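In: Below: sequence and its predicted model.
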Amino acid sequence: MIEQKYGRYEKTKVWNMFKIDHYKDFYEKLAYLYPKTFQVHCSSLKVGNEVIATHVGIYDKKTFYYLMPANNLNEWEKYSPGRLLLMKLLEWSINNKLSIFDFTIGGEAYKKIWCNQEISLYYSLKPMTLKGKVYCNYLFWKSYIKKTTYLSKIARKIKSYFS
């Protein structure tokens, strides 16, 4: 999954979370957890010996959490292997009497096709100290710069200049 997702992030030129060890470690270490409250679920869709789609998620007594789907950008893409694996995961969840299939965070369009309920998530930061105010200000400007195309381009140029 990590290999497929890494390749897709690189090919589509979006932020690659797997370049940061903490994200990679999280998924790699899931296999070694023995939790009492949830189970790790890893799945793949293969054609012969070739893995064309993968998914890593977790589930508990009633909910399946769809965490990290991935697939290859190759000749199989036109057959929507990710969608086929998703359908198998939904079927598996029903067969195992899970009542909720949680697509987790993210506004991807395909999630809206499958959902009958959406829950908006919000967060709020309230600084309590001067250090907290400085940090919240930093987060605000960081977010603002990312959202502003013009400033984002300038920031990337400055960053590349110092790299």
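Out: Looks like it arrived, so ask away. Residues are numbered from 1 along each chain as shown.
In: Can you tell me the SS state at Y65?
Out: Using DSSP: H, G, I helix; E, B strand; the rest coil as the criterion, the local structure at Y65 reads strand.
In: Could you verify my assumption that it touches Y59?
Out: Yes - the criterion here is CB atoms under 8 Å, and Y65 meets it with Y59 at 6.5 Å. (C-beta placed from N, C-alpha, C; glycine too.)
In: Who has more neighbours out of the two?
Out: A count of neighbours by other CB atoms under 10 Å puts Y59 above the other of Y65 and Y59, at 21 against 16.
In: Check the gap between that one and R156 for me.
Out: Distance of Y59 to R156, computed by CB to CB, to the nearest Å: 40 Å.
In: residue farthest from the centroid of the protein?
Out: In the chain, the residue that sits farthest from the middle, by CA atoms, centre = their mean, is L130; the gap is 33.6 Å.
In: out of everything not next to it in sequence, what's closest to W76?
Out: The shortest distance from W76 to any non-neighbouring residue, by CB to CB, 6 or more residues apart in numbering, is to I52 (4.4 Å).
In: Return the distance of the helix or strand hosting the one you found from the chain's centre.
Out: Using DSSP states H and E, I52 maps to strand 50-59. On the basis of CA atoms, centre = their mean, to the nearest Å, strand 50-59 sits 12 Å off its chain's mean C-alpha point.
In: elements contacting it?
Out: helix 2-12, helix 21-30, strand 39-47, strand 63-71, helix 81-95 (3 or more CB pairs under 8 Å, 6 or more residues apart in numbering; DSSP states H and E).
In: buried residues in the first one?
Out: Same thing as helix 2-12. By 16 or more other CB atoms under 10 Å, the buried positions in helix 2-12 come out as I2, Q4, K5, Y6, G7, Y9.
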